[in-house]
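> I would like the atomic coordinates for the input below:
(one chain, ligands or ions: 1)
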Amino acid sequence: MSKIAIFPGSFAPFSVGHQSIVDRALPLFDKIVIAIGINSEKNQYFSIEERLEWITAVYGKNPKIEVKRYEGLTVDFCKNEKANYILRGLRDSHDFKFEKNIAQMNKELNTSIETIFIITPPELSHISSSIIRDIIKNGGDAQQFVPKEIDL
Ligand code: ADP
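Numbering: from 1, shown residues only. Purely as a prediction, here's the structure:
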C-alpha cells in the first residue's frame, strides 16, 4: 500500500516554514497532497486560486506532490485521497497544544489515519503566515519569508 500524506493548511501565503516541512517529509511518503482548506469562516487575504498557483510554482514539477483544495473535514478528504497520514508542522508549545487536540479528535473520527508532526528548524520557527500578511498589508517586503518561486 502506498504511503500518502495530506498536508492541510491555509497557506496564506505558503512560507519557507511550510516548504521545510514538505521537503523533510518527502522521503517518508510516496505522495504528499498539499491541501488548501476552504474555510468559509476565515476571510482570506489571498484567493484560493492565488495560493494554488503559488504552491504549484514551488512543487509543480515534483511527481510526488499534488496541490489541491478541499472543503469539509480533513479526515473525509484523506479518505477521498486514500491517504492514511496527516502531516503537520510544529513550531512551539502553542502549536503543540493546538495540534494535539486536532490530532486526537481526528484519530477518534477515523482510527486508520495517523498525524505525523515535523518540528521546524530553529531558524524558521518565528515565521508565520499571519505575520507575513501583516508585513504585506503595511507595505513591507516579505519576499524573504516565502520560497523563491513565489512572487508576492
Ligand atoms: P492552519 O490554518 O491549518 O494552521 P497554516 O497554513 O497556518 O494552516 O499552517 C499549516 C501547517 O504548517 C500547520 O501545521 C502549522 O503549524 C505549520 N507551520 C506554519 N508555519 C510553520 C513554520 N514556520 N515552521 C513549521 N511549520 C509551520
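
> quick one: the helices in the protein?
Assigned by DSSP state H, the helices in the chain fall at 16-25, 48-59, 74-80, 93-109, 129-137.

> most packed of these?
helix 16-25 (a mean of 20; mean count of other CB atoms under 10 Å). To be clear about C-beta, it is placed using only N, CA and C from the backbone, and glycine gets the same treatment.

> Show the average pLDDT along stretch 127-142.
Computed over stretch 127-142, the mean pLDDT rounds to 97.

> ugh, wrong one, stretch 18-36
Mean pLDDT, computed over stretch 18-36, is 98.

> One more: stretch 74-93?
98.

> what distance separates it from the middle of the whole chain?
9 Å (CA atoms, centre = their mean, to the nearest Å).

> how about it as PDB, C-alpha atoms only?
This file holds the C-alpha atoms of stretch 74-93, laid out as PDB (Å, rounded to 0.1, in the frame of the first residue of the first chain):
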ATOM      1  CA  THR A  74      -9.800  16.800   6.700                       C
ATOM      2  CA  VAL A  75     -10.400  13.100   7.600                       C
ATOM      3  CA  ASP A  76     -13.000  12.900   4.900                       C
ATOM      4  CA  PHE A  77     -10.600  14.500   2.400                       C
ATOM      5  CA  CYS A  78      -8.000  11.900   3.400                       C
ATOM      6  CA  LYS A  79     -10.500   9.100   2.600                       C
ATOM      7  CA  ASN A  80     -11.100  10.600  -0.800                       C
ATOM      8  CA  GLU A  81      -7.400  10.700  -1.500                       C
ATOM      9  CA  LYS A  82      -6.700   7.300   0.000                       C
ATOM     10  CA  ALA A  83      -4.300   9.000   2.500                       C
ATOM     11  CA  ASN A  84      -3.500   7.400   5.800                       C
ATOM     12  CA  TYR A  85      -1.400  10.200   7.100                       C
ATOM     13  CA  ILE A  86      -1.900  13.900   8.000                       C
ATOM     14  CA  LEU A  87       1.300  16.000   8.000                       C
ATOM     15  CA  ARG A  88       1.600  19.000  10.300                       C
ATOM     16  CA  GLY A  89       4.400  21.300  11.400                       C
ATOM     17  CA  LEU A  90       5.300  22.200  14.900                       C
ATOM     18  CA  ARG A  91       7.000  25.500  15.900                       C
ATOM     19  CA  ASP A  92       6.500  25.700  19.600                       C
ATOM     20  CA  SER A  93       4.400  24.700  22.600                       C
END
